[in-house]
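**Student:** My questions concern the predicted model and sequence given below.
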Amino acid sequence: MAKDIRFPEGEPRYVPERDCLGFRAIADGTNVECLVTAEFLFSRFGSKEFTEKAMRQAFDDHRDEIQDIARSLLEYGWIDEEKRLFLTTRFTRLTVHFDQLLAGDPRVAAAHRMLTDVIGPSAGELVIEWRTPRENPPNPSILLSIKDPVIRREMATSFPPEAWDDPTTLRVRLAQVWSALLRARSHDLVLKSG
């Protein structure tokens, strides 16, 4: 996960073969090319048409917000092997909450990194909560919930203390809860399509 993220000054470059604008970021000393698609600028930032001029105008008008989105994706390390980050109409935006007892817990931090790897950069808007049960026994289970505010569905699971001993088992359990939410999304799409 990148900690030091900067966006050097300068105009974005037009990349006609990808129909996007490219701008530079530096994440923990590594140069990253951020590519924002024409579709994204059109659908989210009001670009009036799919021309270079209209794309540049939308980028200039919303530079801070676009860089905030890029920053959140860079923080999770969602760049490809060619050191590129793609900003498309479907990007992941996480709202994360850790109970006070779990803030700074290295096991939970490692599990959260695994979860973001499983979720990936194009999952849409999600709310993730890591919490302990209210009764708080000496070795409590840790509860995870993933909410999709668009379909208003939540998937949750608990991890007993022994689940933290095997990273493979932990990753499988994280993938299962994410998979359950993806199934709920698919079901919602089927219902909407009639």
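**Tutor:** Thanks, I have the structure now. Here the structure is a predicted model, which means the values were calculated and not measured.

**Student:** what's next to stretch 140-156, contact-wise?
**Tutor:** Stretch 140-156 is contacted from outside by 102, 108, 111, 115, 124-133, 157-161, 174, 177-178, 180-181, 184-185, 188, using C-beta atoms under 8 Å, 6 or more residues apart in numbering. Yep, even glycine has a C-beta here, placed from its N, CA and C like the rest.

**Student:** Among the residues you listed, which lie within strands?
**Tutor:** Counting by DSSP state E, the part of those found in strands is 125-131, 157-159.

**Student:** And the contacts of stretch 140-156, which of them are buried?
**Tutor:** 102, 108, 111, 115, 126, 128-132, 157, 159, 174, 177-178, 180-181, 184-185 (16 or more other C-beta atoms under 10 Å).

**Student:** pLDDT wise, what is Lys3 at?
**Tutor:** Here, the pLDDT recorded for Lys3 equals 79.

**Student:** wait, what's in contact with it?
**Tutor:** Applying C-beta under 8 Å, 6+ apart, the residues contacting Lys3 are 28, 75.

**Student:** got it, and Leu182?
**Tutor:** By C-beta under 8 Å, 6+ apart, Leu182 has no neighbours at all.

**Student:** if I look at it, how far off is Ser158?
**Tutor:** 20 Å (C-beta to C-beta, to the nearest Å).

**Student:** same thing with Val36?
**Tutor:** 39 Å.

**Student:** swap in Val32?
**Tutor:** 37 Å.

**Student:** Need the nearest residue in space to the residue most central in space within the chain, chain neighbours excluded.
**Tutor:** What sits nearest the mean C-alpha location of the chain, by C-alpha atoms, centre = their mean, is Thr92, with 3.3 Å. Spatial nearest neighbour of Thr92, excluding adjacent residues (C-beta to C-beta, 6 or more residues apart in numbering): Ala123 at 4.4 Å.

**Student:** repeat for Trp164
**Tutor:** Arg107 (5.0 Å).

**Student:** what do you get for Ala25?
**Tutor:** Val32 (4.5 Å).

**Student:** ditto for Val96
**Tutor:** Counting by C-beta to C-beta, 6+ apart, Val96 lies nearest to Ile128, which is 4.8 Å off, once chain neighbours are set aside.

**Student:** What of Ala111?
**Tutor:** Of all residues not flanking Ala111 in the chain, Leu170 sits nearest, at 6.0 Å (C-beta to C-beta, 6+ apart).

**Student:** what's near enough to touch Ile69?
**Tutor:** Counting by C-beta under 8 Å, 6+ apart, Ile69 has contacts 87, 91, 93.
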